[in-house]
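Participant: After the sequence you'll find the predicted model.
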Amino acid sequence: MILAAAQTKPKRGNIQENLIDHYRLIEIAADKGVNLIAFPEMSITGYEREEAESLCFSSNDMRLNKLIELSVDKKITIIAGAPIKINSDLFIGSFIIQADNSVMIYTKQFLHPGEEEYFKSSFDYNPMIRIGNEKISFAICADIDNPLHPENASKAGCSVYMPGIFFSPKGIPSAHSILSNYAKKYNMNCLMSNFSDESWGQAAGGRSAFWNNQGELIAEMNDTNSGLLIVEKKNEIWIGQIFND
């Protein structure tokens, strides 16, 4: 089992350039044998509120086609974030793209203050997937601030908890502490992906990381580079590597 967190520097509102960066990192990950790659919150557009409506994706958006092709061709699961419109409601969501040509949607359950002006929250779109012996659940940013979220994942039998976030440099120490505690309390490995540089005109804190199910930090990126954090499970032990751009 090999997992990767992509730490990216999105170009604000530039969907095509951001997708090209996704393709590049997916190709690198696939060449390293990665089974699943996860990107940060709204990775395809960069974090947006006011402009989210004009940048949003539909559930079967044609702009996902290349990601689907890569998933099938490289046999890699891709978790990519965007504002997603379902019927008439706008959500902060993640596309879960699998090598069997399927696409599922996870929607953010617990919104950050101010996001409710632009987005709906929902518990209706909460898929969990299995890769090998691991059952994987997803989270987006402020989801991790509510302890009910990881508790529910644990009750569902998940062994890997995977939040894609946009946290500032000031917020990252708290996020690390929270996720380490969740990993230990709920016996779940935790893979977190964050932006570096900035998004939404605000500084991003980077430091994408992985904790094992004892809450031990196995690997962590710095706060400035983009690239990949890759972890591999060998004989029940996780080992990590960092690949900076």
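Facilitator: Yep, it's here.
Participant: quick one: the spatially closest residue to Glu48 that is not a sequence neighbour and Gly46, what's the gap?
Facilitator: Spatial nearest neighbour of Glu48, chain neighbours left out: Leu55 (5.9 Å); criterion: C-beta to C-beta, 6 or more residues apart in numbering. Glycine gets a C-beta too; all of them are placed from N, C-alpha and C. Using C-beta to C-beta, to the nearest Å, Leu55 is found at 9 Å from Gly46.
Participant: Just want to know which of those two has more residues nearby.
Facilitator: Taking other C-beta atoms under 10 Å, Leu55 and Gly46 do not tie; Gly46 has more neighbours (28 against 17).
Participant: Ile15 is in contact with the more buried one, correct?
Facilitator: No - with contact defined as C-beta atoms under 8 Å, Gly46 does not count as touching Ile15 (9.1 Å).
Participant: Checking Phe91 next. Helix, strand or coil?
Facilitator: Here Phe91 is strand, with the state taken from DSSP: H, G, I helix; E, B strand; the rest coil.
Participant: residues touching it, list them.
Facilitator: 83-85, 107-108, 119-122, 125 (C-beta atoms under 8 Å, 6 or more residues apart in numbering).
Participant: from the residues you listed, which is closest to Glu216?
Facilitator: Lys108 (27.7 Å; C-beta to C-beta).
Participant: Surely the closest one and Ile140 touch.
Facilitator: Yes - between Lys108 and Ile140 there is a contact at 4.1 Å, judged by C-beta under 8 Å.
Participant: Give the residues shared as contacts by these two.
Facilitator: 92-93.
Participant: So what touches the lowest-mean-pLDDT helix or strand in the chain?
Facilitator: Within the chain, confidence by mean pLDDT, DSSP states H and E is lowest for strand 198-199 among all helices and strands, at a mean of 92. For strand 198-199, contacts defined as C-beta under 8 Å, 6+ apart pick out 9-10, 12, 42, 46-47, 166, 204.
Participant: and the following helix or strand past it, average pLDDT?
Facilitator: The helix or strand immediately downstream of strand 198-199 is strand 202-203, counting by DSSP states H and E. Throughout strand 202-203, pLDDT has a mean value of 96.
Participant: What strands flank strand 202-203, and is each parallel or antiparallel?
Facilitator: strand 198-199 (antiparallel) (DSSP bridges).
Participant: Now do Gln138: how many residues are near it, please.
Facilitator: Slight slip there: residue 138 is Phe, not Gln. 28.
Participant: partners of it in the sheet?
Facilitator: Met162.
Participant: Quick check: phi and psi at Leu36.
Facilitator: The phi/psi pair for Leu36 (degrees, to the nearest 10) reads phi -150, psi 130.
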